[in-house]
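> Sequence plus predicted model, see below.
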Amino acid sequence: MARELHYSSKKSGASTSSIAPRLLISLLCLASLLLCFSLFRNDVASPSLTYSAAPEKIHGNCNHSDGRWIYDHSVRSPPRYDHTCKEIFKGWNCIAGNKSNAIDILKWRWKPYGCNLAPFEPLQFLENFRDTNIGFVGDSLNRNMFVSLFCTLKQFSAEVKKWRPVGADRGFTFVKYNLTIAYHRTNLLARYGRWSASSSGGMLESLGYKEGYRIDVDLPDGTWAEAPNFHDILVFNTGHWWWAPSKFDPVKSPMLFFEKGVPVTPPIAPDAGLDKVLTHMVSYVQKIARPNAILFFRTQSPRHFEGGDWDQGGSCPRLQPLVPQEVEQFFSVEKNGTNVETRLVNQHLEKAVRGSNFKILDITHLSEFRADAHPSTAGGKRHDDCMHWCLPGLTDTWNDLFIAHLNGIKLRN
């Protein structure tokens, strides 16, 4: 976003005998103007090709999560891996799916204020993190991120062995570097399953409940319960399934929360249940995690449905990123729109990890602009996919941010 330059001057009554000092001052002013012009040229793109938000610094250091998207004609396509990577889920393969802007998506580059976020160097990453196990634990958006990292690394280290840690949905070891990455699928982090009323009665039955979903807030889902014992680096997420009335109908199939094996009474709303799950899971992971484990919680990935939710005819037809005013219309909590859960989930997450060993991997704000980067109609579903991301695509930038954090931690240690 272009910044205005302000100039001011004062009339001087100096005599001709002060020509030398005036000449020196003029030269200094000229040099300053040239320096400002140079910085302005390097740091600001054409307004028609730049989408940004108000700059903000955190503790004087660069905040990689705050910046702007710049359209970069020089970006080669694809930038780091191509659509033939077999791990890419068909519905996310926007190039193979002939999405009209699939190539253009890759030409948008995230530019944080006051610094750069360069694409990570795969060979350097493989070398730096030899003998390391990295686990992604969460819903399909964490799989989106996992696949992006796998496809990038495979371009540079082709000797890959399929290997899944206990409970993992999928996993691979890059043999030369003994680096394992795995994805553990879990929708709520906590263990859950169908619940039906017992003929012998009980607390929930006495309240009129006949069926629903039992969520044990203090028990981790079995798909990842052993993951903290194995992985050196973990990236968690949850959120999408907590605001999903089509999955957990509040009347026909409500979320029924249990703690220490008994129902939480009076029954609590999903947002209160999320607080309980996050509190218990953060505590659980910290207790059993490996020594010196690096723990991340990734913030919520935004959806971009317009005209209704996914099951109400909603779509995401945009071919360019949103502008800041549009971002607020989409995601403002006060407006309570279709995609409002994005910032609501983050409020719960930030409260839960406060004072813990978890670090926040904040991908939300930079992703809120990218209404153009979903599979949309190219996802091959009966409805537009405005939740997942095209691959190659936005989650490549998530991994740049993730690895920038890891490199910073490694440097400090």
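Received the coordinates, thanks.

> how about the helices in the stretch 301-413 of the chain?
Using DSSP state H, counting those that start in this stretch, the helices found in the stretch 301-413 of the chain span residues 324-331, 341-353, 364-368, 394-412.

> Please identify which of these is closest to Phe129.
helix 394-412 (7.5 Å; C-beta to C-beta). In this view, the C-beta of every residue, glycine as well, is placed from N, C-alpha and C.

> Are there helices or strands packed against the closest one, and which ones?
With contacts defined as 3 or more C-beta pairs under 8 Å, 6 or more residues apart in numbering; DSSP states H and E, helix 394-412 has these neighbours: helix 122-128, helix 140-154, strand 294-298, strand 359-361, helix 364-368.

> Highest mean neighbour count out of the helices of the stretch 301-413 of the chain?
Of all the helices of the stretch 301-413 of the chain, helix 364-368 carries the top mean neighbour count, a mean of 23, counting by mean count of other C-beta atoms under 10 Å.

> Please name every helix or strand in contact with that helix.
helix 324-331, helix 341-353, helix 394-412.

> Show me how far the longest one is from its chain's centre.
Its chain's C-alpha centre and that of helix 394-412 lie 12 Å apart, by C-alpha atoms, centre = their mean, to the nearest Å.

> And the shortest one, by the same measure?
In terms of C-alpha atoms, centre = their mean, the gap separating the centre of helix 324-331 from the centre of its chain is 18 Å.

> Mind putting the helices of the stretch 301-413 of the chain into JSON lines with mean pLDDT?
Formatted as JSON lines, those follow (pLDDT from 0 to 100):
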{"stretch": "helix 324-331", "mean pLDDT": "92"}
{"stretch": "helix 341-353", "mean pLDDT": "95"}
{"stretch": "helix 364-368", "mean pLDDT": "97"}
{"stretch": "helix 394-412", "mean pLDDT": "94"}
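
> I'd like to know how far the residue positioned nearest the centre of the chain sits from Arg303.
By C-alpha atoms, centre = their mean, the chain has its centre lying nearest to Ile363, at 3.4 Å. Distance of Ile363 to Arg303, computed by C-beta to C-beta, to the nearest Å: 13 Å.

> Extract the CA atoms of the helix or strand containing Phe257 and return them as PDB.
Using DSSP states H and E, the element containing Phe257 is strand 255-259. This file holds the C-alpha atoms of strand 255-259, laid out as PDB (Å, rounded to 0.1, in the frame of the first residue of the first chain):
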ATOM      1  CA  MET A 255     -22.700 -33.000  20.600                       C
ATOM      2  CA  LEU A 256     -23.000 -34.500  24.000                       C
ATOM      3  CA  PHE A 257     -19.900 -33.900  26.200                       C
ATOM      4  CA  PHE A 258     -18.500 -36.400  28.700                       C
ATOM      5  CA  GLU A 259     -15.700 -35.900  31.200                       C
END
